[in-house]
Every structure is written in structure tokens, then in C-alpha cells.
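Asker: this is a predicted model, with the sequence first.
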Amino acid sequence: HAKKSGKNQSAFFSKALQNTILMKNKIHDILRNSLNNNGFKLLYQPQVDVSTGEIVGFEALIRLKDHQISPAEFIAVAEEHGLIKRMGRFVIRQTILELSKWKVVGLDLKPIAINFSVKQINDKGIIEYIESLLSEHRIPAKYLEIEITESILLENDSEAIMFLNRLKEIGVKIALDDFGTGYSSLSYLSNLPVDKMKLDKKFIDQHLNESGKKIIKQLILLAEAFELDVVVEGVETIEQVRLLQELKCKYIQGYYFSKPIEDEQIREIHSKKYDIS
Ligand code: C2E
Ligand code: MG
Ligand code: MG
Ligand code: MG
């Protein structure tokens with residue numbers, strides 16, 4: 001009996017493994033296809049100044065147009081299969097085109113942040129690519145913000161730092177995404193040319209207990225000590241907004257204000273001021 005169930009179990013696991021591989025291959029196919037057939041789009045999520053309710057910028061988030069696969073899933077596959085550089089260039093180009101569109105229709109420019117995978121550091125000529133698109137569309141570099149995670153430092157420290165310094169030199173802003181989820185040492189904060197810190201959603205999710213509050217407060221103070229702007233991610237409730245106001249946090253991004261939206265909707269909310277009184 002025991003033998004039989006043991007066998008079933010291994011059959012089950014190899015089946016599961018097979019499914020994962022099939023799934024990844026399927027995603028890989030979809031990604032390749034989408035890269036060749038304009039199958040990606042960007043959504044934009046506003047970032048709000050907690051003291052005024054004004055939208056101060058947006059984060060661009062990639063989506064597949066015709067498939068319900070989350071970026072968390074397909075970005076990992078893109079990284080594994082060497083597709084992330086092309087995908088990353090699409091995101092850069094699309095974002096700069098979006099800024100350019102705003103200019104054409106007379107909207108004030110506000111910064112758009114894009115997510116940057118560690119693997120894109122090895123994309124030769126990527127800085128020149130960014131520079132030439134910015135200058136072609138006459139967009140000042142400060143309107144482009146690049147979000148990196150702490151994991152960028154685990155791969156290749158000095159190369160990563162050099163890369164970020166070059167971005168900084170051309171005037172692009174840099175934000176540390178998902179802050180507090182990775183690295184345990186904070187010493188890198190003094191070596192990195194970062195402008196902004198995005199506190200991961202997990203911190204605000206713990207806002208109801210006292211130690212959760214203390215941690216958020218200390219992280220905000222830490223950011224201030226390094227002269228970094230702070231954005232808290234994943235804010236969903238008015239209670240969270242109130243706490244962040246109380247803790248003098250400056251910027252918020254989350255479903256409480258808006259989910260990521262289509263580019264056609266940006267015009268409607270671009271100059272919106274949320275009521276946060
Ligand atoms: P992230 O950069 O930390 O982006 C924030 C994620 O949290 C987004 O998920 C956003 O839709 C979601 N979010 C925002 N506010 C809330 C909220 O109030 N509640 C909840 N539950 N979620 C909220 P999304 O769009 O699924 O992206 C997931 C991750 O995929 C991103 O995390 C980022 O790491 C990666 N990603 C997305 N777009 C790109 C891209 O263009 N390039 C690269 N390399 N990575 C990307
Ligand atoms: Mg991000
Ligand atoms: Mg994040
Ligand atoms: Mg994340």
C-alpha cells in the first residue's frame with residue numbers, strides 16, 4: 001500500500017513539474033510573439049502627495065494585451081529566456097512616447113517611473129538608447145525615473161554602481177523599489193546615487209500593530225537622513241492614509257487613490273487633486 005501511494009506521489013510531482021515547464025514554455029512563446037506583434041502595453045498608476053492630494057507622477061507597469069498573465073510571472077520567464085532586454089527597451093520607448101504625447105496635447109509633464117530588471121544592466125548601449133529617445137522627443141531627463149531593487153547590488157556591485165552613476169549623470173532619477181524586502185545591510189545607501197525610496201507594501205500592511213507603525217516611522221526617518229523622497233506602496237485604506245499623514249510621509253501609491261490605468265484615462269486624472277482632508 002505504502003509503496004503504491006509513494007509511486008503516485010512521485011508521479012504527481014513529476015506531473016506538476018512537467019506542468020510548470022509546459023507553462024513556462026507557453027509563456028515564453030507568448031512573450032516572443034508579443035514582442036514581435038506589439039502585444040504589450042503599459043498601465044500607469046498615479047503617485048500622490050499626501051499633504052496636497054496632487055498627482056506628482058506615475059509608475060508605468062507592463063501588461064500583456066491579450067493574456068491574463070501577471071508581470072510577476074512573465075518577467076521571471078523573460079529574464080530566464082533572455083527576452084528582458086527587448087521588453088525593457090519597449091518600456092523605455094513607450095514611456096518616453098507617452099511623455100511626448102502629453103506635451104503634444106498640452107498636459108504638464110510629470111515624471112513617469114519604469115521598473116528596471118537587473119539583467120538590463122548588461123544591455124549594451126541602453127544608456128545611449130535612453131538619451132537618444134529623450135533628445136529626439138525633447139523630454140528633459142528628470143521626467144524619467146528608473147526603479148531598481150536592492151537585488152541589483154547582489155549581482156555585480158561595482159558594475160551596477162557605475163551604471164547608476166551614468167544614469168544619474170544624464171539626469172534620470174533613480175528610485176529604490178520594494179525597499180526593505182531584500183538586503184539586510186543598509187551601508188549601500190551611502191554608495192548609491194538614489195533619489196527616492198519606495199517602501200514595500202508589506203510595511204503598510206502591518207500598520208495596525210504598534211511595532212508595524214514604529215518600523216514605518218523609522219524607515220521614513222532613515223530616508224530623510226539620506227535625503228531621499230519616500231513613497232509608500234500598496235496603500236489601500238483611509239486609515240493607512242491617515243497614519244502616513246501623521247508620520248509625515250510625503251508620497252503614496254496605491255489602490256486607495258487609483259489602480260494602474262490605461263493611457264487614455266490619464267488625461268482625465270492628470271491634473272486631479274484628490275480630497276485628502
Ligand atoms: P512593483 O514595481 O513593486 O509595482 C507595484 C505593484 O503593486 C504593481 O503590480 C501594482 O499594480 C501593485 N499595486 C499598486 N498599488 C497596490 C495596492 O494598493 N494593493 C495591491 N495589492 N497592489 C498594488 P504589478 O503591476 O502586477 O507588477 C508587479 C511587479 O512586476 C512590479 O512590482 C515590478 O517588480 C514588476 N514589473 C511590472 N512592470 C514591469 C516592467 O515594465 N519591467 C520590469 N522589469 N518589471 C515590471
Ligand atoms: Mg516598481
Ligand atoms: Mg514595489
Ligand atoms: Mg514588487
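Answerer: Cool, the structure landed. Ligands and ions are numbered 1, 2, ... in the order given.
Asker: check whether stretch 44-56 comes into contact with ligand 3.
Answerer: No - figure legend: stretch 44-56 not in contact with ligand 3 (C-beta under 5 Å from the ion); closest approach 10.6 Å. Just so you know, the C-beta spots here come from the backbone N, C-alpha and C atoms, and that holds for glycine as well.
Asker: and that stretch, end to end?
Answerer: Criterion C-alpha to C-alpha, to the nearest Å; first-to-last residue distance in stretch 44-56 is 13 Å.
Asker: what helices and strands are in contact with whatever helix or strand A175 lives in?
Answerer: Using DSSP states H and E, A175 sits in strand 173-179. The contact analysis (3 or more C-beta pairs under 8 Å, 6 or more residues apart in numbering; DSSP states H and E) places strand 173-179 against strand 112-115, strand 144-149, helix 157-170, strand 196-199.
Asker: could you tell me the least trusted of these?
Answerer: Lowest mean pLDDT within those: helix 157-170, at a mean of 92.
Asker: show me which positions of that one end up buried.
Answerer: 160-161, 163-164, 167-168 (16 or more other C-beta atoms under 10 Å).
Asker: columns distance to P71 on top of the residues you listed, output as JSON lines?
Answerer: JSON lines is the format used below for these (distance: C-beta to C-beta, whole Å):
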{"residue": "A160", "distance to P71": "22"}
{"residue": "I161", "distance to P71": "26"}
{"residue": "F163", "distance to P71": "22"}
{"residue": "L164", "distance to P71": "23"}
{"residue": "L167", "distance to P71": "22"}
{"residue": "K168", "distance to P71": "26"}
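Asker: break down the stretch 51-200 of the chain into its helices, ranges please.
Answerer: Secondary structure of the stretch 51-200 of the chain (DSSP state H, counting those that start in this stretch): helices located at 71-80, 84-105, 126-136, 152-155, 157-170.
Asker: so which of these gets nearest F40?
Answerer: helix 84-105 (5.8 Å; C-beta to C-beta).
Asker: span of stretch 250-267 from start to end?
Answerer: The first-to-last residue distance of stretch 250-267 comes to 24 Å (C-alpha to C-alpha).
Asker: for stretch 177-184, buried residues please.
Answerer: The neighbour-count check on stretch 177-184 (16+ other C-beta under 10 Å) flags 177-180, 183 as buried.
Asker: what do you get for stretch 99-106?
Answerer: Result for stretch 99-106 [16+ other C-beta under 10 Å]: buried residues 99-100, 102.
Asker: go through those and say which is closest to ligand 2.
Answerer: The closest of those to ligand 2 turns out to be L99 (C-beta to the ion; 17.6 Å).
Asker: could you report the pLDDT at that closest one?
Answerer: In this model, L99 is scored at 98, pLDDT.
Asker: try Q206
Answerer: Q206 is given a pLDDT of 87.
Asker: identify the residue nearest L208 in space, chain neighbours excluded?
Answerer: E239 (7.8 Å; C-beta to C-beta, 6 or more residues apart in numbering).
Asker: quick one: residues contacting I84.
Answerer: 75, 78, 117, 119-120 (C-beta atoms under 8 Å, 6 or more residues apart in numbering).
Asker: of all the residues in the stretch 151-277 of the chain, which one is nearest ligand 2?
Answerer: Closest to ligand 2 within the stretch 151-277 of the chain is D177: 4.2 Å, counting by C-beta to the ion.
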